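Q: need coordinates for the below:
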Amino acid sequence: MTDMNRIIGSHDILMITLDTLRYDAAVLEEASCPNLCGSGSWEKRHTPGSFTYAAHHAFFGGFLPTPATTDKSEHIRLFHSRHTGFKTHPHTWLFDAPDVVSGLQAEDYRTICIGGVIFFSKKVPLARVLPGYFQESYWRMTFGVTNSRSTEHQVNHALKLLDRSSPEERLFLFMNVSAIHGPNHYFVPGARKDSVDTQRA
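A: Model prediction:
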């Protein structure tokens, strides 16, 4: 377990959500994406929300997906709000804020969001809530679910922002990857509906 108290303040932080990723699809594609798992394997987990809006509220509150077992006693939270009564670990970073993002901002992090799905588009008031956590937030049609090169566009935008950043500046960069979110049938020629195979593609 990483001691987050040693990470916060000394390291930049990148948080990526692979929106609606299916565990069965992930396992089948594990060999194709070794850098996502580090030295281990995909770990089956339960998300705290059943769709993007609810899940990301929980994530930003410090409630990341938990192991998909009945016994969660060994689970160590990376982030948690102080004085909420939940059991924490000495390696858990505790923040005095309503959410991780503003907690990191209070530690002098520059907070950046690169959105993907509609809840990050800022097109309507509801879609301004999640990106509103951040000092900077970005969304383009080319980052969205209807663009087959959305991840490429998101990463290129992130690289431009990083090129303009000072090495001394601490960054919290969040990216909501939309490519595997539905619709994804267009990644398989001739497919008319989303499936494990189209998400794998």
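
Q: every contact and neighbour count from this point should use C-alpha atoms.
A: Noted.

Q: please enumerate the helices of this protein.
A: 4-7, 23-28, 34-37, 52-60, 100-106, 150-163, 196-200 (DSSP state H).

Q: relative to His89, how far out is the closest residue to His57 other than its chain neighbours?
A: Distances taken as C-alpha to C-alpha, 6 or more residues apart in numbering place Leu130 nearest to His57, at 7.3 Å, with adjacent residues excluded. Look at Leu130 and His89: by C-alpha to C-alpha, to the nearest Å, they are 27 Å apart.

Q: by mean pLDDT, show me the worst of the helices of the chain.
A: Ranked by mean pLDDT, the helices of the chain end with helix 34-37 in last place, scoring a mean of 78.

Q: and for that one, what's in contact with it?
A: By C-alpha atoms under 8 Å, 6 or more residues apart in numbering, no surrounding residue is in contact with helix 34-37.

Q: alpha carbons only: can I get it in PDB?
A: What follows is helix 34-37, C-alpha atoms only, in PDB (Å, rounded to 0.1, in the frame of the first residue of the first chain):
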ATOM      1  CA  PRO A  34       0.200  -3.600 -19.500                       C
ATOM      2  CA  ASN A  35       0.900   0.000 -18.400                       C
ATOM      3  CA  LEU A  36      -2.600   0.300 -16.900                       C
ATOM      4  CA  CYS A  37      -2.000  -2.500 -14.400                       C
END
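
Q: now do the contacts for Glu174.
A: For residue 174 the amino acid is Phe, not Glu. 14-16, 111-114 are the contacts of Phe174 under C-alpha under 8 Å, 6+ apart.

Q: if you could redo that for Tyr133, that was the one I meant.
A: Tyr133 neighbours (C-alpha under 8 Å, 6+ apart): 101-102.

Q: which one of the helices of the chain lies closest to Ala68?
A: helix 23-28 (11.0 Å; C-alpha to C-alpha).

Q: distance from the chain centre to the longest strand seen in the chain, please.
A: Counting by DSSP state E, the longest strand found in the chain is strand 170-177. Centroid separation for strand 170-177 versus its chain: 8 Å, with C-alpha atoms, centre = their mean, to the nearest Å.
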